[in-house]
Structures are given as C-alpha cells and as structure tokens.
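Asks: pasting the structure only:
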C-alpha cells in the first residue's frame, strides 16, 4: 500500500498513459483507494484522460493489497523501476480497423521469467497461447507467420511481433471472443486506428466492455512504417523495388532500406487510396486520395466474374489478358500516337471494347479480372505520378493490402512510375504492406522509441 | 488523286460570278484563307453575321482572291474517334442558279442526302439542334451540320462514299482522330479517297475557339451550372470565353486527354486517363446488359449509387470507395442494374474530376472546360463535375461546358481545309 502510494506521487514517470477510464477505474475502485484516478501526464491527448493504472498486474483484480512478503515487495520494486519507463501492462496490441480488413499486431514477450509467468493471470496466458499456437483463427482469421518479427525489443521487453488479419465483416466475432476471454478484466488499453475504430467503438464498449483509444490512421501509418524499416525484417531490409521494371526478362526484385526517407510520397492502397507527402516523421500532408482502390477492384471483380475473395480475384487476373477488354491506342490509331508519345500498347480506354457485343461474347472471366486489376492499378499509378510531379518528390512508396500477394499490380506500378517519368521516379514497396497502421497503434500504446 | 483542294482548277463548281453576302472586313471572316494570321477565331472579332452586303464589284474582287484559295465543295471535317465518327458538313445556301446548274450530280446528291435526313442508315444521326445557320465561311454563306455515327460503321460509310463517287469530286478529306491514321488505307482502297490527316488536339482547340466565336444567336456556346447540387435551384448560365487563356481543356471521349492551353497555338497535353466514356459504356454493358450509351444513361438516372459504393458513413471519414459494397454477397444481391449503372457513372465522373482538379492545381489554371461526347445528354456527369470542381477547390475552379461537346475536332479539321496552317 505504501509503495503504491509512493508510486502515485512519482509523477515524473516518463511517458503518459493513455488509458481508458471508466471500466478500469471501476475495477480498481473495487479494491479500495489504491492508485485510483490519478492523472499522469497525458501527452498527445487521446480523448480520454489518463489514469495511472499499471498497478494492475500487482493487483490482479480481486487481490486487494500490495502488502506481503519481502519477496513480493522486491518484485514490486523491480516492477516499479520498470514502470518508471512507463510500460503498459500486457497484452500489447495494436489494431487497425479498415474498410475491408482488420489488422492486428500482437507482441508476444519471450523474456517472461518464471515469476512473471506464475503471476500471470489466466486469461492473459490463454490469449497468448491462443494467438501464438495457431496460424488460423475461426474461419477467416490468419496469422502471417512469414511476416513475424523475431526477438524484437520494445519498451524494455524482448519478444516476437505477430501479424494477424481478419475481415472487418468478422469484427463482431472478434469482439465476442474478447468478451468470452474476459479481455476487459485485463484493463489494458486497446489502441485502435482506422475508420472502424470509430465505427465499432460502441460495439466494443457494449459487447465486450472495452474502451478503444482511437488514433489517427495516417499518423499511425507513418510511425509504423518508419519503425519497421528501422528495426528491419529479421536482419533483412524491409523495403524493395524492381530493377528494369519495363523488361519482363531482366526485371528483378532488389531490397533496400529507407535511408534518408524524406521527402517521400506515400501511397496507401487499402479499400480506398490515400496519398501523402511526407517531409519528416511529424510533418506530412494528405495530398489527395481516390475512391478507386482495392475495394473497387474486389467489388467489381465479384460483380463481373462471380468470384468471392481477393485471392480468387487475383488468381483469375493472373490468367487473363486485359487487351481483349481494353481499347488500346493502337486500336484507335492503328499504331502509336506519336505526337504525344503514346505507344500503341498503351490503354486508351479501359473496358473500351466492352461496348461491342461480339467482343463481350469472346472474352473470359479471367480477362475481365485482369482488366479490372490493370485499370485500377494504372489509375492509381497515374494519380501517384501526378502527385509526385506536383510535390516534386522522386520516391514513391506503395503500401496497403491491395498489394498483398499481388505481384501483377506491384510490377505494374513499378513499371508505370519508371516509364511515364522516364526513369525519374522510383516505386518502392514494403514487405509488411498493410500492417503499418496497426504497428503505429501499438507504438502509441508503448509510446517509446526503439530500445537498443 | 491526292488533291489539295486549294489548287483545284477544273472547276465544276465555279463560283466566281456569285455575288456573295460578304462581311466587309477580313477580320470578320473567321476561317477564311486570308494573309493575316490572327483574324482566325479571335474571340471578339469573329462574329460571322450575314447581314453585311457588298457591292457586286467588290464582291467579285474579293471572290476572285478568295477563289484562288477556296477549296471546291463539298466541305467536310471529320474526326474519327475510338467510338464515334464526328462529321461536320457545310451546306452552302448562297448557291446561284448558275452554280446549281453546273453542279455535278453526285455533289448535289450528297448535299440533298445529308440535309434532307436526320438519320442515316441504322446508326447515323444529324444533331439538328446543333446546326449553325447562316454562317459565313471562306466567303460562302451556309449552314453547318453536325453528324455522328459509330466508328464501328465506318465501312458502311466508306461504301457509301464509293457508291456516290465521292472521289471524283477531288476534294480533300480532312480528317483527325486516331481513325484518320487507322483507316487511312481503307479510305484509299475502298473509296479511292485520300485523307489529309490532322492532329486531334490541334483540331480540338482550333474548333473550340472558332465555334465559341461564331455562335451569336440562340443559347451561348459556353455555359456553367449555378448550384449544381441543388436539383431545385440548379440552372445553366451562359459564359463568355473571351480572354480564354489560360484554359484547362478536358476532352472526355473514349479516353480522356487533359490539355493546358495558353494561346491558340501554345498548348500542352498535361496528362490523360484511360477511364473515360468508353469505360463507362463498356462497364455498363457488362454489368447491366444494356447496349447503348443512351440506355446506360437512362438506367443511371434511375439508380442510386450509394448502395453500391461504400460511403463515408460506412467507413468513417476517409474516401468513400467505389463498388466497395459489392464484395459482400448479400449486398450484391440487393442492388439493381440501375444502381450499378449509376455507380459506374459516378465513379468514372468523379475520377475524371479528381484528376482534373490536380492538373488545374498543378498548372495554376482556374478555368476548366469539359468537352467530348461522354457529356452528350449526360447532365448528371456535368453537374457532378461542376460540383466537384467547385466544392473541392472551395470555389476557386469553375467548370465550363460547351454546347457542341464532341464536335470540335471535326470543326477544327474543316477549318484546316479552309485555312491550312
């Protein structure tokens, strides 16, 4: 109790705690006065005021007191010291609730001592086990094992960072699971970004008694991206580009890091597209966006071909020929449109052949899928290029789950940037594609820079 | 056969004794071959009215000088696009009895065929409401007719040209658009006609500036929308394109070209997009089973795109995404063809609007003129564009439209015939 009180007085602990108040406070108040409703420097200000509550893992819900054996007090002291580094209680999650997919990053500590393990509450342990011993969850949840970052140090702890995704449509199942596993009793902050953080905020509260700390998705995106690039991908560079993108024979993937990343044009292709000009970690602007993104691709594909999933759509697209569907410059000019440097093979009118019945009858679903992919991708490329020129930025980084397992689009974008700019612009890609928002959300929870 | 009409001497259409109703000064004869290079389409100067009369002798002097450089009839300008062929035809109304007598039969027959019909074959259409009457071009007075037919039917057109012995008229056929290149050989082999190929963007700009300058009665050629999103208060208002430069010209045909125009002869193609009118029609045909542009528009006017698109509401406050709801099977089943047509129209239009806005910003141009046949009978897209320009630029950008939408290339080609640059 005394120790607890003394900790409360130590307002100097670095870093704020963005903690949702209500529920957790209630949980605390049940135990008496200990560390209740103290506000510890809330920094960037989530909408909620901060409450110092990392006493949680000393209290374990119903355990009232911190009194006890000297050993216990010793543990307490150690924890206190680490708490000075403002470390939130486990579990550590970052969540990005997008229009189509929910991206979840989970930090699995691997430096848990025997002691810590003993004290660990059951549901926390069960969550950890559930997440790390499966690669699929329910019908649609997937853990991208190949993206796991191993032996990462975050906030003084060492562990593995896991990357999990599931369709936003399954969100209610997820929330239900959170309820079933009594997640709210863990009193952790759930840092969430993306539009769904707003859309599902109430559901989290009513269904699972969880309060979300809502974060801006673009802030998180940039923060997450820079972090992963810094810590590297298990010793390998996170970034890559294509050399000779215009040449199918010699086109080769090359890795790179984002040295001196600024300024960069960041094109985030999710359900929709956002384009940002980034001048430094904290200085960026959203240049524009387009509504023709990954969601359009999938939606149109479903309509045109009857497919149901992104993977199916891509599978079909990989086998199709879009030139049967699109009207090319040579279909109109009979060759190149030399005056303005438009090659005969350039697309003049996407889906332009489809106004002719004979053509419609002669193409396949695969052709349609391919044409949809090419149309959406080229449109994004074109807009990105215009922005790069406007903003005078040469490096264009493409992220977002539209590019997941989508080599067709990746190469097309690389080609488009290179070709239309006559080699002035370079397209870069990152392995963790769509997860940066979630990583950024996790970092906000930890509010720490990478530990050496 | 490769005759430049200007040097034609075997005049079966000899006109020099025709006292024409000519405007007095050279500056008021846009399009005519006169030595001053800048009388052409000067915005304020080019009013080609027909109420000036000159004495016969002056007329004859003038007609002599003009005759040397005036091509023989018929006068056509042609723009062979990816989807449509646009044809402008000048019908002389000042033909004297003599001239008529001497007129060769096939020329007469061509004139009669074109002017006494408003539909040709199954798919050819003359847009009567766009006809410009009492126009003076190159010393002759007449009506300018606007005709279109699908590029798909060009072979039938060529056949007709062959049947009417068009080639014996030894006129130059000035043509622009991609098809002028693609079908050049066909013109030659099927109808014995040589095309004088012209660049489509040169013709476009020339045509736009000319038409705006000569339309003197009836609705203003150029207009904009006031209150574009308020169906009760939205109205068309005339706009004068005087001092038009600089101008962003967005040509929405099968595909889209965006030009920054600084003066009549100084422009650049800023960019383009392949998501144009052809995309709208192609996608609509696939998604709804319709087969014509008019059908597609009809459906779109009845649909509701919000069921198809994921709205801001659905996600939260970012971009709304087109067709995003269609990933879900039950949503797909609850949506109608009309909704799909609408969503397609809205998507294509907004994409064009978005790209246009970026260009305007980049080029520092505030005035945007939209042309091209995607906008034909397509008030929905025009209003969307008007709204988008206004809204996203907070009133800085103005969207302008022109009555003759997709015909400017053909007009420019005709002007090249009469006034070679």
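Replies: Yes, it's here. Keep in mind it's a predicted model, so treat the numbers as computed, not measured. Residues are numbered from 1 along each chain as shown, chains lettered A, B, ... in the order given.

Asks: Counting neighbours, what do you get for residue B:128?
Replies: 9 (other Cβ atoms under 10 Å in any protein chain shown). All C-beta atoms are positioned from the backbone trio N, CA, C, and that covers glycine.

Asks: wait, it sits on residue B:116?
Replies: No - the pair formed by residue B:128 and residue B:116 falls short of the contact definition of Cβ atoms under 8 Å, at 11.7 Å.

Asks: what residues are up against residue A:225?
Replies: A:258, A:266, A:397, A:399, A:430, A:436, A:439, A:440 (Cβ atoms under 8 Å, 6 or more residues apart in numbering or on different chains).

Asks: And the pLDDT at residue B:126?
Replies: Predicted confidence (pLDDT) for residue B:126: 97.

Asks: and what of residue B:157?
Replies: 92.

Asks: burial measure for it, as a count.
Replies: 23.

Asks: So which residues of the stretch 151-300 of chain B form strands?
Replies: Here the stretch 151-300 of chain B has its strands, by DSSP state E, counting those that start in this stretch, at B:173-176, B:195-198, B:222-226, B:235-238, B:247-252, B:256-263, B:266-273.

Asks: The last one to strand B:256-263, inter-axis angle?
Replies: In terms of direction (axes from the mean of the first three to the mean of the last three Cα atoms, to 10 degrees), strand B:266-273 departs from strand B:256-263 by 160 degrees.

Asks: buried stuff in strand B:266-273?
Replies: B:267, B:269, B:270, B:271, B:272, B:273 (16 or more other Cβ atoms under 10 Å in any protein chain shown).

Asks: Just the contacts of residue A:225: which are in helices?
Replies: A:436, A:439, A:440 (DSSP state H).

Asks: give me every residue that touches the nearest residue to the second one once chain neighbours are set aside.
Replies: To tie it back to what came earlier, the one meant is residue A:439. Leaving aside its chain neighbours, residue A:439 sits nearest to residue A:224 (3.3 Å; criterion: Cβ to Cβ, 6 or more residues apart in numbering or on different chains). Residues near residue A:224 by Cβ under 8 Å, 6+ apart: A:94, A:435, A:436, A:437, A:438, A:439, A:440, A:441, A:442, A:443.

Asks: As CSV, these with neighbour count and pLDDT would be great.
Replies: Conversion of those to CSV gives the following (neighbours: other Cβ atoms under 10 Å in any protein chain shown; pLDDT from 0 to 100):
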residue, neighbour count, pLDDT
A:94, 29, 96
A:435, 31, 97
A:436, 29, 97
A:437, 34, 97
A:438, 31, 97
A:439, 26, 97
A:440, 29, 97
A:441, 34, 96
A:442, 27, 96
A:443, 23, 94
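
Asks: biggest separation within the residues you listed, which pair?
Replies: Comparing all pairs in the contacts of residue A:224 by Cβ to Cβ, the longest separation belongs to A:435 and A:443, at 12.2 Å.

Asks: Tell me how many other residues surround the nearest residue to residue A:337 once chain neighbours are set aside.
Replies: Closest residue to residue A:337 apart from its sequence neighbours, by Cβ to Cβ, 6+ apart: residue A:329 at 5.3 Å. Neighbourhood size, residue A:329 [other Cβ under 10 Å]: 23.

Asks: same check, this time on residue B:156
Replies: Residue B:156, neighbours per other Cβ under 10 Å, totals 16.

Asks: So for residue A:161, what's the nearest residue that isn't a sequence neighbour?
Replies: residue A:149 (4.1 Å).

Asks: Show me which residues of the stretch 301-450 of chain A are close to chain B?
Replies: Counting by Cβ under 8 Å from any Cβ of the partner chain, the residues of the stretch 301-450 of chain A close to chain B are A:302-304, A:308, A:325-327, A:329, A:331-335, A:337, A:339-340, A:346-357, A:360, A:368, A:375, A:378-379, A:382-383, A:386-387, A:389-390.

Asks: same thing but 6 Å
Replies: Applying the criterion Cβ under 6 Å from any Cβ of the partner chain, the portion of the stretch 301-450 of chain A that neighbours chain B consists of A:302-303, A:327, A:332-334, A:339-340, A:347-352, A:354-355, A:379, A:386, A:390.

Asks: low-confidence ranges in the stretch 201-350 of chain B?
Replies: B:216-217, B:305-322 (pLDDT under 70).

Asks: Helices along that one, start to end?
Replies: Counting by DSSP state H, counting those that start in this stretch, one finds helices in the stretch 201-350 of chain B at the ranges B:277-288, B:293-302, B:329-333, B:337-363.

Asks: Need the contact partners of the first one.
Replies: Residues lying outside helix B:277-288 but in contact with it, judged by Cβ atoms under 6 Å, 6 or more residues apart in numbering or on different chains, are A:327, A:349-352, A:354-355, B:83, B:252-254, B:290, B:293, B:296, B:299, B:337, B:340-341, B:344, B:348, B:374.

Asks: try stretch A:294-308
Replies: A:100, A:269-271, A:310, A:313, A:316, A:365, A:368-369, A:372, A:376, A:402, B:321-324, B:326-327.

Asks: Let's see that with 7 Å instead.
Replies: A:99-100, A:269-272, A:310, A:313, A:316, A:365, A:368-369, A:372-373, A:376, A:400-402, B:286-287, B:310, B:321-327, B:329, B:332 (Cβ atoms under 7 Å, 6 or more residues apart in numbering or on different chains).

Asks: For ChimeraX, write a command that selects the buried ones of the residues you listed.
Replies: Applied in ChimeraX, the following selects the buried portion of the contacts of stretch A:294-308 according to 16+ other Cβ under 10 Å:
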select /A:99,100,269,270,271,272,310,313,316,365,368,369,372,373,376,400,401,402 /B:286,287,310,321,322,323,324,325,326,327,332
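
Asks: can you tell me which of the contacts of stretch A:294-308 are in strands?
Replies: Among those, DSSP state E puts residue A:269 in strands.

Asks: coming back round to it: so which of the strands of the stretch 151-300 of chain B is nearest residue A:133?
Replies: Nearest of the strands of the stretch 151-300 of chain B (Cβ to Cβ): strand B:266-273, 49.0 Å.

Asks: Is there any residue in that closest one that contacts chain A?
Replies: Yes - using Cβ under 7 Å from any Cβ of the partner chain, strand B:266-273 reaches chain A at B:269, B:271, B:273.

Asks: Would you agree the second one is in contact with residue B:359?
Replies: Yes - counting by Cβ atoms under 7 Å, a contact exists between residue B:271 and residue B:359, whose distance comes to 6.4 Å.

Asks: Next, show the common contact partners of those two.
Replies: Counting by Cβ under 7 Å, 6+ apart, the residues touching both residue B:271 and residue B:359 are residue B:258.

Asks: how many neighbours does the closest residue to chain B within the stretch 51-200 of chain A have?
Replies: Using Cβ to the nearest Cβ, the single residue of the stretch 51-200 of chain A nearest to chain B is residue A:195, 3.3 Å away. As a burial measure, residue A:195 scores 23 neighbours (other Cβ under 10 Å).

Asks: Same question for residue A:383.
Replies: Residues near residue A:383, counting by other Cβ under 10 Å, number 24.

Asks: The one 5 residues further on too?
Replies: Residues lying near residue A:388 (other Cβ under 10 Å) number 25.

Asks: doesn't it fall inside a helix?
Replies: Yes - counting by DSSP: H, G, I helix; E, B strand; the rest coil, residue A:388 is part of a helix.

Asks: For it, give me its contacts.
Replies: Counting by Cβ under 7 Å, 6+ apart, residue A:388 has contacts A:265, A:394, A:396, A:425.

Asks: One more: residue A:247?
Replies: Residue A:247 neighbours (Cβ under 7 Å, 6+ apart): none.

Asks: how about the nearest residue to residue A:352 once chain neighbours are set aside, what does it touch?
Replies: Nearest residue to residue A:352, sequence neighbours excluded (Cβ to Cβ, 6+ apart): residue A:327, at 2.8 Å. By Cβ under 7 Å, 6+ apart, residue A:327 lies in contact with A:348, A:349, A:352, A:353, B:82, B:254, B:278.
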